[in-house]
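structural data only, the sequence is not supplied:
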């Protein structure tokens, strides 16, 4: 079974600075997908960024980028120019591609606080 | 606003009871997913339906069941409730049955409290 580990339960960063959240996973699959979801205090789950395992290029979405190291099974999220609205729980998620459906495995989350 | 709606927002009930949670997917989405988020278990995938049929199953208890109706809304039924079932239950929807570009959009969740 796949597992996802986020070793940092809590982190904080000053506004406008850069922070990196760690995620490692364990799988024997070769084709899979990785995601970062954000859950602000409103509890809504919001997709931040997605990475296909077969792509070597790291995904980027505006201020959010990932460092995907397939051999090391590592998928870290970098947030540049942190904003107060980035304060949230961040979940790393693994998805094994199936022909007939999806099955997400989420990490335990990292609580990020952006300080003014 | 993701476009996914869930009702009710909050539900308080007693042990042994049965409840039904409802989810309406985004317009045009064919897949519905159910998740349970509790303090000790984190976010757990329960089940996926695609166009009325079960597509993937996760850590769903036998006391729980779900279905997707012809209008594509879905219901999650929880029976013989236990204290440990208290959690936030999320529904998500996506356009297709899966795939790298098939993004899941989450609803606001239903908070279930079992007393």
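All right, it came through fine. Here the structure is a predicted model, which means the values were calculated and not measured. Residues are numbered from 1 along each chain as shown, chains lettered A, B, ... in the order given.

flag every residue of chain B that's near chain A.
By CB under 8 Å from any CB of the partner chain, the part of chain B that sits against chain A consists of B:2, B:31, B:33, B:35, B:42-45, B:48, B:50, B:55-56, B:58, B:88, B:90, B:92, B:94, B:97-100, B:102-106, B:108-109. Quick note: C-beta positions are derived from backbone N, CA and C, even for glycine.

which residue is nearest the middle of the chain?
Picking chain A for this. residue A:36 (3.0 Å; CA atoms, centre = their mean).

chain B is the one I meant
Note: chain B centre (CA atoms, centre = their mean) maps to residue B:34, 2.9 Å.

which strand or helix spans it?
strand B:31-38 (DSSP states H and E).

run the chain-centre distance for that strand.
Here strand B:31-38 is found 4 Å from its chain centre; the criterion is CA atoms, centre = their mean, to the nearest Å.

what sits against residue 19?
Picking chain A for this. By CB atoms under 8 Å, 6 or more residues apart in numbering or on different chains, the contact set of residue A:19 is A:11, A:13, A:78-79, A:82, A:112.

switch to chain B, please.
B:11, B:13, B:77-78, B:81, B:112.

redo those as CSV? Include secondary structure and neighbour count.
Output for the contacts of residue B:19, formatted as CSV (DSSP: H, G, I helix; E, B strand; the rest coil; neighbours: other CB atoms under 10 Å in any protein chain shown):
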residue, secondary structure, neighbour count
B:11, strand, 18
B:13, strand, 16
B:77, strand, 13
B:78, strand, 24
B:81, coil, 20
B:112, strand, 22
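
quick one: which of those is nearest chain A?
The nearest member of the contacts of residue B:19 to chain A, counting by CB to the nearest CB, is residue B:112 at 13.2 Å.

need the nearest residue in space to that closest one, chain neighbours excluded.
residue B:11 (4.9 Å; CB to CB, 6 or more residues apart in numbering or on different chains).

helix or strand right after the least confident helix or strand in chain A by mean pLDDT?
Scoring the helices and strands of chain A by mean pLDDT, DSSP states H and E places strand A:104-106 at the bottom, with a mean of 86. Counting by DSSP H and E, the next helix or strand C-terminal to strand A:104-106 is strand A:110-115.

list the neighbouring strands of that next one plus their orientation.
The strands that strand A:110-115 pairs with in its sheet are strand A:10-14 (parallel), strand A:88-96 (antiparallel) (by DSSP bridges).

still on that earlier bit, other SSEs contacting the strand holding residue B:34?
strand B:42-50, strand B:74-78, strand B:87-94 (3 or more CB pairs under 8 Å, 6 or more residues apart in numbering or on different chains; DSSP states H and E).

okay if I get those strands as TSV plus distance to residue A:20?
Output for the helices and strands packed on strand B:31-38, formatted as TSV (distance: least, CB to CB, whole Å):
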stretch	distance to residue A:20
strand B:42-50	21
strand B:74-78	36
strand B:87-94	27
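
let me know which of these is tucked in deepest.
Among the helices and strands packed on strand B:31-38, strand B:87-94 has the highest mean neighbour count (mean count of other CB atoms under 10 Å in any protein chain shown), at a mean of 25.

so which elements touch it?
Using 3+ CB pairs under 8 Å, 6+ apart: strand B:87-94 touches strand B:5-7, strand B:19-24, strand B:31-38, strand B:74-78, strand B:105-106, strand B:110-114.
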